[in-house]
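*Asks:* I would like the atomic coordinates for the input below:
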Amino acid sequence: MKLFEYQAKDLFKKNGIPVPKSRLAKTAEEAEKIAAEMNIPLALKSQVLVGGRGKAGGIKFADNPSQAKKLVQDLLKLEIKGERVDSILLEEKLNIESEFYVSVVLDRSAKKPLIMASTQGGMDIEQVARETPEKLIKYHVNPLEEFLPYQAREIAIKMGVPNPLISKVGGFIWKLFTVFRKYDATIAEINPLVVTPEEVIAADGKFEIDDDALYRQRDLVGLAAEKKDEFAYVKLEGDIAVIGNGAGLTLSGMDMLKLYGGKPATFLDIGGGASQENIARALNLVISNRQVKVVFLNVLGGITRADDVANGVVKVLKESDREVPLVIRLTGTNEEEGQRILTEAGVSFETSMEAAAEKAVEIVESLN
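*Replies:* Purely as a prediction, here's the structure:
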């Protein structure tokens, strides 16, 4: 389960990690009002669950309320790596002297938490590891032993943190690991950890929680942008979005596309009991990805009813701002009713996965 930046920072703040003053806005008018109340220069930060928003123009700076309103209007029109921006974090603009990188990740190969830290904050950590690997400190924590503050300070020393800051940076590392462990995280990251003339502060926050541990984190389940029981979603490099009800069926659809020369753009498993609303949400998600040219919906009705699938499809076609060709393979429970709904709506369908996959590839080829 991924958290937005503002959610991660709320979690940090509750656990003693200092974060900048900030407020969330969903409209330009709301942003103007917040900016007037805060009455300070602001960073305007698009809230999305993907990286690279700065390079994509998703972060702006405003000195006054009217400027904040105009910039937020522009930001709310953005789509970053297929994700639409629907909220903006208005945060105090920091007077930055230096930046660090600190993270804790679950290293599955070592079966241990891994702390990574660097004085090269604000950069892609992959770039640091590639170009200056000596500046990236890695420290595995024994999960059977307590991680102590002095160990965190040792990491700060190895980073090359100036002496006056070792205790503060070490404190951040220790607190970040504590939060990581407390909430069953797979990733907890601060990039950058900023040094200002007055303080050390977490200027950004990334937090992901292990889905299999959510039963222990019921207070956080409501923060989920995508609930596990709805669907599993992975973006790929192709141009045909693949949606199926069941991981095996979704993978079979992807294999069939490849057999006919197509390239999947998504793996999206809606699960075995998907509702009409869930079907619509899945379709809207893949359609919002601009690299998708065709959607291949592969449904073999069991628990999932074909009429629910059909109603979800019709709902999206009526409401979506973007027209993307749909190729639907629909059989199984209530298939006659589902096929009737599609026919009356003027939507074609196939009963063969092979025929549907071949048709999807043909449509893409005709568009290229």
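
*Asks:* Next secondary structure element downstream of whichever strand or helix holds residue 90?
*Replies:* Assessed by DSSP states H and E, residue 90 sits inside strand 88-92. Using DSSP H and E, the helix or strand that follows strand 88-92 towards the C-terminus is strand 98-107.

*Asks:* Check what contacts the next helix or strand after that next one and list those residues.
*Replies:* Using DSSP H and E, the helix or strand that follows strand 98-107 towards the C-terminus is strand 112-118. Residues from elsewhere that reach strand 112-118 (C-beta atoms under 8 Å, 6 or more residues apart in numbering): 100-107, 125, 128, 135-143, 155-156, 159, 173, 177, 180-181. Every C-beta, even on glycine, is put in place using the N, C-alpha and C of the backbone.

*Asks:* And the residue nearest to residue 306 when sequence neighbours are not counted, how far from residue 212?
*Replies:* Using C-beta to C-beta, 6 or more residues apart in numbering and skipping the chain neighbours, the partner closest in space to residue 306 is residue 338 (3.0 Å). Going from residue 338 to residue 212 by C-beta to C-beta, to the nearest Å gives 33 Å.

*Asks:* Which one's more surrounded, those two?
*Replies:* Set residue 338 next to residue 212 and count neighbours by other C-beta atoms under 10 Å: residue 338 wins out with 25 against 10.

*Asks:* Isn't the more buried one up against residue 304?
*Replies:* No - the pair residue 338 / residue 304 is not scored as a contact, 10.1 Å apart, by C-beta atoms under 8 Å.

*Asks:* who does the strand holding residue 90 touch, helix- and strand-wise?
*Replies:* strand 22-25, helix 28-38, strand 42-46, helix 65-75 (3 or more C-beta pairs under 8 Å, 6 or more residues apart in numbering; DSSP states H and E).

*Asks:* Quick one: mean pLDDT for that strand?
*Replies:* Averaging the model's pLDDT scores along strand 88-92 yields 97.

*Asks:* Quick check, residue 119 in contact with residue 160.
*Replies:* Yes - using C-beta under 8 Å, residue 119 makes contact with residue 160 at a distance of 5.4 Å.

*Asks:* shared neighbours of those two, anything?
*Replies:* In contact with both residue 119 and residue 160: residue 135, using C-beta under 8 Å, 6+ apart.

*Asks:* okay, those two: which has more neighbours?
*Replies:* residue 119 (20 against 12).

*Asks:* Which positions in stretch 301-320 come out as buried?
*Replies:* In terms of neighbour count (16 or more other C-beta atoms under 10 Å), stretch 301-320 has its buried residues at 301, 304-317.

*Asks:* Cross those against strands and list the overlap.
*Replies:* residue 301 (DSSP state E).

*Asks:* if we can go back for a sec, tell me what angle the strand holding residue 90 forms with strand 42-46.
*Replies:* 150 degrees (axes from the mean of the first three to the mean of the last three C-alpha atoms, to 10 degrees).

*Asks:* Just the CA trace of strand 88-92, in PDB.
*Replies:* Below are the C-alpha coordinates for strand 88-92, written out as PDB (Å, rounded to 0.1, in the frame of the first residue of the first chain):
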ATOM      1  CA  ILE A  88      -1.600  19.800  -4.200                       C
ATOM      2  CA  LEU A  89       0.400  20.000  -1.000                       C
ATOM      3  CA  LEU A  90       1.100  23.700  -0.200                       C
ATOM      4  CA  GLU A  91       4.200  23.600   1.900                       C
ATOM      5  CA  GLU A  92       6.500  26.300   3.300                       C
END
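
*Asks:* Tell me which strands it pairs with, and in which orientation.
*Replies:* Here strand 88-92 is paired, per DSSP bridges, with strand 22-25 (antiparallel), strand 42-46 (antiparallel).

*Asks:* any idea which of those strands is most buried?
*Replies:* strand 42-46 (a mean of 24; mean count of other C-beta atoms under 10 Å).

*Asks:* who's in contact with that strand?
*Replies:* By C-beta under 8 Å, 6+ apart, strand 42-46 touches 5, 31, 35, 53, 58-62, 68, 71-72, 75, 78, 80, 85, 88-94.
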